[in-house]
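In: Take a look and give me a structure for this.
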Amino acid sequence: MAEIKKVGIIGAGMMGADIAISCALAGCEVFMKEISMDLAQAGHDRIAKDLKKWVSKGRIKTDDAGVEKALGLLIPTDSFDLFADVDIVIEAIFEDINVKAENYKELDKVCKPSCIIASNTSSISITKLASASFDSIERKANFVGMHFFSPAVIMKLVEVIKGEETSDETMAAASAFCKKISKEPVTVVDCVGFVVNRILYALNNEAIRLYEEGVCSIEDIDKACQLGLGHPVGPFALMDLTDNALNLNVGNILYEAYGDRFLPRPSMKKKVDAGHYGRKSGRGWHDYRK
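Out: Numbering: from 1, shown residues only. Okay, the predicted model is just below:
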């Protein structure tokens with residue numbers, strides 16, 4: 001399979017924009033799509049601000065010229081028309097199989113037959129997504145999971161997930177592309193939640209249970225995981241960063257697949273009902289309003 005040079009990204013939120021700029025930093029031309037130009041441009045503007053901050057802190061190895069070059073390769077759009085000649089599309093939108101399938105069906109009309117279509121889903125089966133989205137064997141063979149981790153421009157890991165009909169060639173091309181954009185792929189056989197989230201959500205549920213039982217405070221549970229397990233942030237701080245509504249949604253998907261061991265805790269449901277989504281809302285498990 002030819003080298004991937006042109007990339008389409010669906011979604012200009014935190015994850016989509018981070019994946020987009022990771023590709024642009026590697027020299028790829030990137031088209032980042034949202035449902036409106038305002039949202040697409042907002043994603044571009046946010047990543048421009050964040051990128052300069054990460055460079056100044058030494059978390060990304062480039063200079064001002066490299067930043068400007070990458071931003072110049074990142075093109076916001078509200079249309080799939082620019083995806084006609086891309087080599088790979090990475091979808092990074094809400095964890096809803098119907099919404100994802102609608103986007104894949106639009107891609108099926110526009111993208112060239114050889115285009116790899118990848119989902120950044122954190123929990124939904126790649127085989128199930130392919131069956132809900134495509135009729136042709138070729139599209140299913142070129143469909144793969146590529147699960148990045150937040151913030152994707154800094155985090156190195158990508159889970160590359162093989163669906164039932166994903167070809168070995170597509171798996172190899174997706175893994176090679178991860179390395180091109182300075183990521184480290186791990187190969188995963190398709191299952192709900194894959195590897196990291198099955199481990200992470202078990203840990204999160206137990207952390208919340210400890211809090212509910214009054215064993216330890218939220219702050220001290222976070223501190224214990226940082227200092228005792230070497231985690232960069234504690235489970236509650238991480239849930240606040242990734243969005244508690246998303247965490248609850250993924251937790252429900254895991255619960256449907258595996259049963260009570262992943263049943264979302266009552267305190268998580270209360271947080272979401274209260275609108276305490278985390279950093280983006282100012283309140284979550286921690287209070288960020290100060």
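
In: and Ile90, that one's in a strand?
Out: Yes. The assignment for Ile90 by DSSP: H, G, I helix; E, B strand; the rest coil puts it in a strand.

In: quick one: contacts for it?
Out: Neighbouring residues of Ile90 by CB atoms under 8 Å, 6 or more residues apart in numbering: 7-10, 19, 118-120, 146. In this view, the C-beta of every residue, glycine as well, is placed from N, C-alpha and C.

In: and the protein, what are its domains?
Out: In terms of domains, the chain is parsed into 6-189, 196-281 (source: automatic domain parsing).

In: highest average neighbour count across the ones you listed?
Out: domain 6-189 (a mean of 19; mean count of other CB atoms under 10 Å).

In: can I assume Lys49 sits in a helix?
Out: Yes. Judged by three-state DSSP, Lys49 forms part of a helix.

In: so how far is Tyr277 from it?
Out: 21 Å (CB to CB, to the nearest Å).

In: again with Ala101
Out: 25 Å.

In: ditto for Thr127
Out: 30 Å.

In: what's the answer for Ser119, then?
Out: 23 Å.

In: try Ser22
Out: For Ser22 relative to Tyr277 (CB to CB), the value is 25 Å.

In: For Ser136, which residues are in contact?
Out: Ser136 neighbours (CB under 8 Å, 6+ apart): Asp108.

In: Next one, pLDDT for it please.
Out: At Ser136, the model reports a pLDDT of 93.

In: just Lys61 next, same as before
Out: For Lys61, pLDDT reads 83.

In: is it true that it lies in a helix?
Out: No. Under three-state DSSP, Lys61 sits outside any helix and is assigned coil.

In: Any regions of this structure where pLDDT drops low?
Out: Applying pLDDT under 70 to the chain flags the ranges 1-2.

In: In it, mark out all the helices, start to finish.
Out: 14-25, 37-56, 64-73, 97-110, 126-133, 137-141, 168-180, 196-212, 218-229, 235-242, 244-258, 266-273 (DSSP state H).

In: got the contact list for Lys6?
Out: So Lys6 contacts 28-31, 85-88 (CB under 8 Å, 6+ apart).

In: can you tell me how far it sits from Ile75?
Out: Distance from Lys6 to Ile75, by CB to CB: 10 Å.

In: any shared contact partners between these two?
Out: Common neighbours of Lys6 and Ile75 (CB under 8 Å, 6+ apart) are 29-31.

In: From Lys69, how far off is the residue nearest to Glu34 when sequence neighbours are not counted?
Out: Using CB to CB, 6 or more residues apart in numbering and skipping the chain neighbours, the partner closest in space to Glu34 is Ala40 (3.9 Å). Ala40 sits 20 Å away from Lys69, going by CB to CB.
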